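**Q** Structure here, sequence nowhere to be found:
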């Protein structure tokens, strides 16, 4: 099944907001229902494909089946941009000025190599397409000339499982739920469960340095990756042949996070772990965000570290976004003041109980109070937030997210700086926002901050958001944060990423791109400016 073309995920899972939530949006933020009629997919008029006849024939030959090269309107629309709020607002308005000229569905690594060779010869840009879940403009190339979306869904196999080494090789187009099902048949799990889990792919996880909700226990996706097979216009790049190596710089790190700008990932070798016997999720209430953050830092630095560890600030806790599935249903019961943390434990029964008991002692020593069933409710609704975003857009609200990370000592100032930038900019535009935040990933030395912003849409919702996003990006760099922790760079963060790594860093990466992609066809304008 394809994802909803004008929103997130499965249309059957979207739920309208209850009257209580609609009233809150109206009274607190001045949100008004949009009067425009919804765009129907079949009514969108798309321009003719700009792919030349000679290039089209050559690409069809590469795929071995003309049916795997598609230029129909619906397929092209479904491969246009990603799933950020501006992306959705534009597609809902019928704006398709940057849709691909064709969608290609290769069936093998060799198919991808052949496609890249032909595209380089004909000056056709290539955008690798996995689940289409990018929220940072990672699927919208810039520059002149035609481009094709390279949909990797047919590369969806489990290549091998090494039960002795506990590794598996997965093809890049495999969606996360299918990967988990295939591994579970062997008694293993990847343990990677980001909010995009239901739709994102293995290759996308690697290309964007994804981080899952259980990263405290399983690690980020880039920490799981042991090897990569990459197709480039210059040939095949194979990297990673041992768990660790001192054989020069680790070339895996050039591909991880490269967002398709250096090559197309066709398979990934990952670390796997046994399927946990027990999963337990607890909710803990703290008086303040500061107190809760101190508790998380204690666990991250001194242990024991839960598998899942996250903390919502006062506003997010009050609104109920810590349990997003409850917002679209019955009104939640009033909650006492404070902030909500979730601590989850997965593993054997004995290990889980030992870690839970030890962590509970730390959390109590920091002022935490156990809240019945709150952790299990979070686990039940952990993938609901993107559907809630769709419901908010339907109701006339603007809702978007952004994230960053910093060292623990910088977290308080970073938290305040980003909130201030968003509040000041949107209030000055006449749409005062509700700004919420949570810590979703922790490390010994620091943590991530994930912000959710809700406001009225204004007359032009996309233009309304752009100054606020720029102000937040500026605040992140000024306060010592990284421009992105796990969403990626795309085009939305590119200018700030180049500031973060500096001119020499940009020069190094452009040299890598020139070596692997001399014609500049791979996702041009994504990650790096076009030279």
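**A** Right, received. Where do you want to start? These numbers were taken from a predicted model, which means no experiment stands behind them.

**Q** contacts, neighbours, all on C-alpha from now
**A** Fine.

**Q** before we move on, which element is residue 238 in?
**A** Under the criterion of DSSP states H and E, residue 238 resides in strand 235-239.

**Q** and that strand, what does it pack onto?
**A** strand 225-232 (3 or more CA pairs under 8 Å, 6 or more residues apart in numbering; DSSP states H and E).

**Q** If you count contacts, what does the strand it packs on end up packed against?
**A** In terms of contacts (3+ CA pairs under 8 Å, 6+ apart), strand 225-232 is packed against helix 109-122, strand 235-239, strand 264-271.

**Q** Show me the contact partners of the last one.
**A** The one in question is strand 264-271. With contacts defined as CA atoms under 8 Å, 6 or more residues apart in numbering, strand 264-271 is touched by 109, 112, 128, 155, 166-173, 190, 202-203, 206-207, 224-232.

**Q** go on, the second one?
**A** The contact list for strand 235-239, computed with CA under 8 Å, 6+ apart, reads 113, 227-231, 251-252.

**Q** What's the mean pLDDT across that strand?
**A** For strand 235-239, mean pLDDT rounds to 98.

**Q** Surely residue 452 and residue 399 touch.
**A** Yes: counting by CA atoms under 8 Å, residue 399 is a contact partner of residue 452 at 7.1 Å.

**Q** about what we covered before: what residues sit buried inside the strand holding residue 238?
**A** For strand 235-239, a neighbour-count test (16 or more other CA atoms under 10 Å) marks 235-237, 239 as buried.

**Q** mind listing what's buried in whichever helix or strand comes after that strand?
**A** For strand 235-239, the succeeding helix or strand toward the C-terminus, using DSSP H and E, is helix 252-255. By 16+ other CA under 10 Å, the buried positions in helix 252-255 come out as 252, 255.

**Q** pLDDT (mean, whole number) over helix 252-255?
**A** For helix 252-255, mean pLDDT is 97.

**Q** and what of stretch 484-496?
**A** 98.

**Q** ok, and what's touching that stretch?
**A** By CA under 8 Å, 6+ apart, the list of residues contacting stretch 484-496 from outside reads 134-140, 208-211, 257, 259, 403-405, 448, 473-474, 477, 483, 497, 525-529.

**Q** Stretch 415-424 too?
**A** Residues from elsewhere that reach stretch 415-424 (CA under 8 Å, 6+ apart): 432-435, 449, 468-469, 471-472, 475-476, 479.

**Q** cool, stretch 61-70 as well?
**A** With CA under 8 Å, 6+ apart as the criterion, stretch 61-70 contacts 59-60, 76, 102-107, 111, 114-115.

**Q** which residues of the stretch 201-350 of the chain score low on pLDDT?
**A** 321-336 (pLDDT under 70).

**Q** Please give the three-state secondary structure assignment for residue 197.
**A** coil (DSSP: H, G, I helix; E, B strand; the rest coil).

**Q** what does residue 398 give?
**A** Going by three-state DSSP: residue 398 is strand.

**Q** That one: neighbour count?
**A** By other CA atoms under 10 Å, 26 other residues sit near residue 398.

**Q** could you list every residue that touches it?
**A** Listed by CA under 8 Å, 6+ apart, the contact set of residue 398 reads 85, 392, 453-457, 461.

**Q** can you pick the most crowded of the contacts of strand 235-239?
**A** Highest neighbour count within the contacts of strand 235-239: residue 228, with 27 neighbours (other CA under 10 Å).

**Q** Surely that residue is in contact with residue 250?
**A** No: with contact defined as CA under 8 Å, residue 228 does not reach residue 250; the gap is 11.6 Å.

**Q** still on that earlier bit, report the buried members of the contacts of stretch 484-496.
**A** Looks like the contacts of stretch 484-496 have 134-140, 208-211, 257, 259, 403-405, 448, 473-474, 477, 483, 497, 525-528 buried, using 16+ other CA under 10 Å.

**Q** which helix is the longest one in this structure?
**A** Counting residues, the longest helix in the chain under DSSP state H turns out to be helix 494-516.

**Q** mind listing what's buried in that one?
**A** Result for helix 494-516 [16+ other CA under 10 Å]: buried residues 494-498, 500, 506, 509-510, 513, 516.

**Q** Stretch 168-177: end-to-end distance?
**A** With CA to CA, to the nearest Å as the measure, the ends of stretch 168-177 fall 15 Å from one another.

**Q** Would you mark the buried spots in that stretch?
**A** Buried, per 16+ other CA under 10 Å, within stretch 168-177: 168-176.

**Q** Give me the contact list for that stretch.
**A** 130-131, 151-162, 179, 197-204, 265-272.

**Q** wait, what's in contact with the nearest residue to residue 131 once chain neighbours are set aside?
**A** Distances taken as CA to CA, 6 or more residues apart in numbering put residue 200 closest to residue 131, at 4.4 Å, once the chain neighbours are dropped. Contact partners of residue 200, counting by CA under 8 Å, 6+ apart, are 130-133, 175-176.

**Q** May I have the secondary structure class of residue 140?
**A** coil.

**Q** tell me the contacts of it?
**A** Residue 140 neighbours (CA under 8 Å, 6+ apart): 80-82, 98, 491, 523, 526.

**Q** Any quick PyMOL command for the buried ones out of the residues you listed?
**A** Selecting only the buried entries of those in PyMOL, with 16+ other CA under 10 Å as the criterion:
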select buried, resi 80+81+82+98+491+523+526
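
**Q** of all the contacts of residue 140, which comes closest to residue 382?
**A** residue 82 (20.9 Å; CA to CA).

**Q** Buried deepest among the helices and strands packed on strand 225-232, which one?
**A** Comparing the helices and strands packed on strand 225-232 by mean neighbour count (mean count of other CA atoms under 10 Å), strand 264-271 ranks first with a mean of 25.

**Q** just checking, what packs against the helix or strand just after it?
**A** Downstream of strand 264-271, the next assigned helix or strand under DSSP H and E is strand 273-274. Where contact means 3+ CA pairs under 8 Å, 6+ apart, strand 273-274 is packed against strand 188-189.

**Q** Who are the packing partners of the helix or strand following the strand it packs on?
**A** Sequence order places helix 202-207 as the next helix or strand after strand 188-189, per DSSP H and E. In terms of contact count using 3+ CA pairs under 8 Å, 6+ apart, helix 202-207 is assigned the packing partners strand 167-171, helix 221-224, strand 264-271.

**Q** Dump those to a markdown table, plus distance to residue 359.
**A** Shown next, in a markdown table, are the helices and strands packed on helix 202-207 (distance: least, CA to CA, whole Å):
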| stretch | distance to residue 359 |
| --- | --- |
| strand 167-171 | 30 |
| helix 221-224 | 24 |
| strand 264-271 | 26 |
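
**Q** okay, residue 14: pLDDT?
**A** 75.

**Q** Torsion angles phi and psi at it?
**A** phi -80, psi 140 (degrees, to the nearest 10).

**Q** With residue 355 instead?
**A** When read as degrees, to the nearest 10, the backbone of residue 355 gives phi -70, psi -40.

**Q** Use 49 as the first number for this chain going forward.
**A** In the new count, where the first residue is 49, that last one comes out as residue 403.

**Q** Check the gap between it and residue 292 for me.
**A** Per CA to CA, residue 403 is found 28 Å from residue 292.

**Q** which one of those two has more residues nearby?
**A** A direct count of neighbours by other CA under 10 Å for residue 403 and residue 292 places residue 403 higher, at 19 against 9.
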